[in-house]
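In: Fold the stuff below for me.
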Amino acid sequence: MQDNKKTPAGRAERMALIARHFGTTAFDTVRAHIYAQVPGSKTIRYADDDIVDAFAALWTAERIVRGEAVTLPPVRPQGLRMEIAY
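Out: As a prediction, this is how the structure comes out:
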């Protein structure tokens, strides 16, 4: 990612990736569903960048399930497993 997720450019960059992978209406559909289904959501605000983060987690989970995920570090350290998957 080139830009911070809280900037207009960063948001646009992430929204384009969401649209390409999940479909052009995915973000708006999820956002509307959250506010329609989550108790208290009429008063509790969910930041759009948090919804974007959820899409990133879903994208990563899909890659893990398909066996396509890459981890950092590529070689797991001894002892406690600590890695970033993408």
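
In: At which residues are the strands of the protein located?
Out: Applying DSSP state E to the chain gives strands spanning 71-72, 84-85.

In: and of these, who's closest to residue 12?
Out: strand 84-85 (24.3 Å; Cβ to Cβ). Where C-beta positions appear, they are placed from N, C-alpha and C, glycine not excepted.

In: Quick check: residue 8 vs residue 50, distance?
Out: Plainly put, residue 8 is 17 Å away from residue 50 if you go by Cβ to Cβ, to the nearest Å.

In: Residue 83 now?
Out: Residue 83 is 23 Å from residue 50, by Cβ to Cβ.

In: just to revisit the earlier point, mind checking the strands of the chain for the one nearest to residue 62?
Out: Between those, strand 84-85 lies closest to residue 62; by Cβ to Cβ that is 11.3 Å.

In: Can you give the strand pairings for the closest one, parallel or anti for each?
Out: Paired with strand 84-85 in the same sheet, following DSSP bridges, are strand 71-72 (antiparallel).
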